[in-house]
Structures are given as structure tokens and as C-alpha cells.
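In: please find the sequence and the predicted model below.
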Amino acid sequence: MEKAFNPRCVAIVGDSKRGNFHWLHNESTFTGKLYSVQVNPESIEGIRALGVENYTSIVDIPEPVDLAIINLPRKMAPQVLEDCIRKDVAAAHFFTAGFSETNTEEGIRLERLLKERAEQADFHIIGPNCRGIFTPGIGLRQIGDQYSGCSGPVGLISQSGGHAMYFAREAHTEGVDINKSVSFGNGTVLHASDYLAYFGQDPSIEVIGMYLEGVRDGRKFFSVLREVAARKPVVLWKGGWTTDGGRAVGSHTASLAVPQEVWGSAMRQCGVIQVFGQEELIDTLKALIHLPPVLGDRVALVGGAGGQSIASTDVFAGAGFRVPLLSEESYEELATFFSLIGGSYRNPIDTDAGRNRLELARILGLVARDNNIDNIVLQSRVGTFMFGPEMRDADIKAALDLKGETSKPVMAILPYYNPEEMAEARETIPRFQEGGIPVFPTLERGAAALKNVLEYYRLRRNPTA
């Protein structure tokens, strides 16, 4: 498994001119040695033009191959597998589809042949019908527009290739970077539990995200899941949790639907955070990466204007948090400098963008010391309407200074409403998050992420709750 995710030598089998050399372009950033296997003369000419050495058989490649990526019609899969076994390739990723997910006799038969031969030879197959591995630190990609050259703390296990690719793209823009990711499709030989066990022992992976449609061996999977979740956070998005969605997964990866009640109970018993969409998966992982343990449900909301303050209170209270009054000591100190003209400090603390905003650092420090508060939520802004770059810089500095002075969780809400503000937000988010303060684009997403992390730590303290 280690050779598959950190290969030194990759062979692309079956990439062609007709497919515009899709996989050779995908792996153009790979930092190891890249070979091609192709017999078509026309395609060979194009492969050589790309500067890649080509051989007509994987067996002829003059060095050990760690990972083979197979892009051939399904009828050729058994023979290519034999060649990989003969070559002693560490693992083969079969991008090739058309197997059991088609629910056809021939597809099922061919997948069974692959499985039986691989298990007989103790050979690792990734897939078939999948996008395979993404290890950005070494430039090993699932598709050509993925980033490379950097690495984060997240391990992602996805039954869906589309979700794996979309997650990588969107999470990266929000400062959540992948260490290793796998799309495993039908999971004929290696399934979720195998990747989970590997990620669980990998010290470079701090948190694990999963998208699953089903499992092959439930007993094995939940045993591994419980063991791994006891050591590092696992966040799981189960596809097909509705009745209609459960029917759809069968035609996607040939998975059997499992009732949501069963999944929910099992996740809780294993200490796993269950989410219901990609945004929630990204947000929850982000909160786990940046926040210290979330141990209480009392929230201070700082920085919103009048109506926004009311909305933020409703959102966090609706998510199960309390937005309590501050202590009398805090109110006595606030009364010495806080202007009530255009502001309010009961909690939420409405600083608007005027005089009170200039005292934000003092307000945040006061709230952090308050014994009635467990978590601090700063509402910041982008754009120039009543809130210029200088004020935003002051927000960031005040928040980062606070982060260094308190053990309480601190997070920021940074909404945007047009493309210009989105671009500005994407530039601002890293400034917060590099200092350990997660940023969320809406109150709702921030509240949901904080709630998930609170539930995670509650389960850690009391697994039978």
C-alpha cells in the first residue's frame, strides 16, 4: 500500500491519442519515473512527443514498477493483470469500468475473474471503475487540474471519483489540503477498511474524511473504523442514505444499500462524525484541524451589526448552542469604553464598523476571559462597504493575537456576496487559518461544523452517551 501511495515508478497502460493521452497529462507533475505501455504505433508517436518512454509490455520496463494505471477496455483487464503479477507490480489502479456496476453477466464475470486471480496472487487492485490515488506532495494526480507540490493533513477515502476530485478542488480553495486521497470505485479487492487501516497508521495523516456508498465486509469495516477513530478523527459521508439514494448507489458502484438508522447507530458507537454533504465534510475537517478540543456549548458572537447579530444568535441557538449573557465583571469593563450608539454588548456583541470596532482586540480578550463563554465566533467582512482593508487587517491581527492567549476555540465567519468579494475572501482565509483560526463563509456552515466537533469530543469523553 505504501508503494502505491508513494510510488517511485508509475506505468500508464493503454493511454492513447484517441483519449488525448488523458492519464499521461494527469501524471505530468509526478516527481518519480513515468513510463507508458502502448502497442498502437500512432499513439506511440504521440507518447514519445510528450517525452515519455514507451514499452509494448509492462514486463519489459527496465525497473520495478510501484503503480500501474490501467486505461484499457474491460475485456483486456485479465491479461493486463497477469502481466502486472508477472512484473511484480506493487499495485494496479484499474480506471477501466464496465464491471459489476453494470449489473450485466459479462461485467460481473470479468470482475469475479479479477478478484479471484488477484487474491490468489496476493495482488493489490485499486478499483476497478475509479479515479485511483491523489498524493499531491509527489504530484500523483487523479485528474490534470488538481494541485501538486504541497501536502496537508487530510486523508480522503472516496468510493466516488467525482466526489474525490471535487473535494480536492473545493477544499484546497478553503485551505484544507490533502495528504493522500483514494477513489476506489467497486472496491473488488481493496475496500474501505483496507484504506482506512493504512491511513490510520500513517503519521502524516491527522484527520480522515470518507465518502462511502456501502461496504463489503461490515464486521471487518466497523472493527477497523472503531480502532482508527479511537486514535484520530474520522468524518464520514454516507451516500444513499435516503430510500431513492440507496437505489441509485447500486448502479454506481454495485454497493448494497444500508438503512440510515443502522449507519447512524454504528457511526456513533465507533466515535465517528457523520455528515450529509461535501460542504459539511470540508467544514468539519477544517474545524477539527484548526480548533482545540471543543468542550462546551456556550458561544460568544462578536462583530456583527444589529440584524446580523440577531441572525447569528438564531443560527447558533438553532444548532443547539447557548448564547449566554456575559459575567457582571465583563459588563462592568465594557461599560468603561463601549459606545452604545450603534452598538450593543449583551451577547451577541454588536461592534458594527465604527468606534467600537477599533476596540475589537480588547473586546475579544475580555470575552475569552469570561467564565460564561466556551467558544468565540468573530464575524468579519470583505468588500469596502463600511469596512476597508485596514479594519480587516485589524480583525485578523486581533483574532490571531487572541489565539495565542486563550485555549478556547476561536473561529471566524467571512461571508461574501459577489465574485469580487469571493476573490478577496479567498485571499483573506489563509491569513486566519495559517494562525489556526478556521474560517467559514456562512453562519450556518460555521455553526454546523462547530456542533459536529463538539459532538465528537463529547463522544470521546463518554462513548456510551
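Out: Cool, got the structure. Numbers count the residues shown, from 1 in each chain.

In: where do the strands of the stretch 251-400 of the chain begin and end?
Out: 273-275, 299-302, 375-379 (DSSP state E, counting those that start in this stretch).

In: separation between residue 7 and residue 63?
Out: Distance of residue 7 to residue 63, computed by Cβ to Cβ, to the nearest Å: 12 Å. From N, CA and C alone the C-beta is placed, and that goes for glycine too.

In: single out the most deeply packed of the strands of the stretch 251-400 of the chain.
Out: With neighbours taken as mean count of other Cβ atoms under 10 Å, these reach their highest mean count in strand 299-302, at a mean of 26.

In: tell me the mean pLDDT over it?
Out: Computed over strand 299-302, the mean pLDDT rounds to 97.

In: so where's this structure uncertain?
Out: Scanning the chain for pLDDT under 70 picks out the ranges 241-258, 306, 341-343, 352-353, 384-386, 464-465.

In: excluding sequence neighbours, find me the nearest residue to residue 269.
Out: Leaving aside its sequence neighbours, residue 269 sits nearest to residue 226 (Cβ to Cβ, 6 or more residues apart in numbering; 7.3 Å).

In: continuing past the helix or strand where that neighbour lies, what's the next helix or strand?
Out: Assigning secondary structure by DSSP states H and E places residue 226 in helix 218-229. Following helix 218-229 in sequence order, the next helix or strand is strand 234-238 (DSSP H and E).

In: what's that following strand packed up against?
Out: With contacts taken as 3 or more Cβ pairs under 8 Å, 6 or more residues apart in numbering; DSSP states H and E, strand 234-238 sits against strand 207-212, helix 260-270, strand 273-275, helix 278-290.

In: what's the angle from that strand to helix 260-270?
Out: Using axes from the mean of the first three to the mean of the last three Cα atoms, to 10 degrees, the inter-axis angle of strand 234-238 relative to helix 260-270 is 180 degrees.

In: alpha carbons only: can I get strand 234-238 in CSV?
Out: These are the backbone C-alpha positions of strand 234-238, laid out as CSV (Å, rounded to 0.1, in the frame of the first residue of the first chain):
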residue,chain,number,x,y,z
VAL,A,234,-12.9,10.2,11.2
VAL,A,235,-15.7,12.1,9.4
LEU,A,236,-18.0,10.0,7.2
TRP,A,237,-20.4,11.0,4.5
LYS,A,238,-22.7,8.1,3.6
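
In: residue 35 touches residue 65, doesn't it?
Out: Yes: Residue 35 is in contact with residue 65 according to Cβ atoms under 8 Å; the separation is 7.4 Å.

In: which neighbours do these two have in common?
Out: 9, 10, 11 (Cβ atoms under 8 Å, 6 or more residues apart in numbering).

In: give the contact list for residue 190.
Out: 124, 125, 126, 184.

In: and if we set it to 6 Å?
Out: residue 124 (Cβ atoms under 6 Å, 6 or more residues apart in numbering).

In: in a strand, that's where it is, yeah?
Out: No: per DSSP: H, G, I helix; E, B strand; the rest coil, residue 190 lies outside any strand segment and is coil.

In: distance of it from residue 82?
Out: 19 Å.

In: one step back: what residues of the helix holding residue 226 count as buried?
Out: By neighbour count with 16 or more other Cβ atoms under 10 Å, helix 218-229 contains the buried residues 221, 222, 224, 225, 226, 228, 229.

In: which helix in this protein has the most residues?
Out: helix 443-461 (DSSP state H).

In: relative to residue 364, how far out is the closest residue to residue 346 other than its chain neighbours?
Out: Counting by Cβ to Cβ, 6+ apart, residue 346 lies nearest to residue 325, which is 6.4 Å off, once chain neighbours are set aside. Separation of residue 325 from residue 364 (Cβ to Cβ): 17 Å.

In: do residue 97 as well
Out: The value you get for residue 97 to residue 364, if Cβ to Cβ is used, is 53 Å.

In: then residue 112?
Out: Distance from residue 112 to residue 364, by Cβ to Cβ: 61 Å.

In: between the two, who's got more neighbours?
Out: Under the criterion of other Cβ atoms under 10 Å, the comparison of residue 112 against residue 364 puts residue 364 first, with 25 against 13.

In: and the more buried one, what is it in contact with?
Out: Neighbours of residue 364 in contact, by Cβ under 6 Å, 6+ apart: 398, 402.

In: what about the helices and strands packed on strand 234-238, which gets the closest to residue 433?
Out: Relative to residue 433, the nearest member of these by Cβ to Cβ is helix 278-290, separated by 6.3 Å.

In: next one: stretch 289-296 to chain centre, how far?
Out: The chain centre lies 18 Å from the centre of stretch 289-296; the measure is Cα atoms, centre = their mean, to the nearest Å.

In: what sits up against that stretch?
Out: 153, 374, 407, 409, 436, 438, 453, 454, 457.

In: do the same with stretch 2-21
Out: Against stretch 2-21 from outside (Cβ under 6 Å, 6+ apart): 23-24, 30, 32-37, 42-43, 46, 58, 61, 63, 65-72, 80, 90-91, 133, 135, 180.

In: so which of the residues you listed belong to helices?
Out: 23, 24, 42, 43, 46, 80.

In: now the helices for the stretch 51-200 of the chain?
Out: With DSSP state H, counting those that start in this stretch as the definition, the stretch 51-200 of the chain shows helices at residue ranges 77-87, 105-121, 161-173, 192-201.

In: quick check: buried residues in the last one?
Out: By neighbour count on 16+ other Cβ under 10 Å, the buried set for helix 192-201 is 192, 193, 194, 195, 196, 197, 198, 199, 200.

In: just list what that helix packs against, helices and strands only.
Out: strand 154-158, helix 218-229 (3 or more Cβ pairs under 6 Å, 6 or more residues apart in numbering; DSSP states H and E).

In: the third one too?
Out: Identification of packing neighbours for helix 161-173 by 3+ Cβ pairs under 6 Å, 6+ apart yields strand 178-183.

In: before we move on, what about the second one?
Out: Using 3+ Cβ pairs under 6 Å, 6+ apart as the contact test, the elements touching helix 105-121 are helix 77-87.

In: try it again at 8 Å.
Out: Right, helix 105-121 is packed against helix 77-87, strand 124-126 by 3+ Cβ pairs under 8 Å, 6+ apart.

In: could you pull up the residues touching residue 279?
Out: Applying Cβ under 8 Å, 6+ apart, the residues contacting residue 279 are residue 445.

In: for residue 102, see how far away it is.
Out: In terms of Cβ to Cβ, residue 279 sits 31 Å off from residue 102.

In: in TSV: the helices and strands packed on strand 234-238, plus distance to residue 171.
Out: Shown next, in TSV, are the helices and strands packed on strand 234-238 (distance: least, Cβ to Cβ, whole Å):
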stretch	distance to residue 171
strand 207-212	9
helix 260-270	21
strand 273-275	13
helix 278-290	5
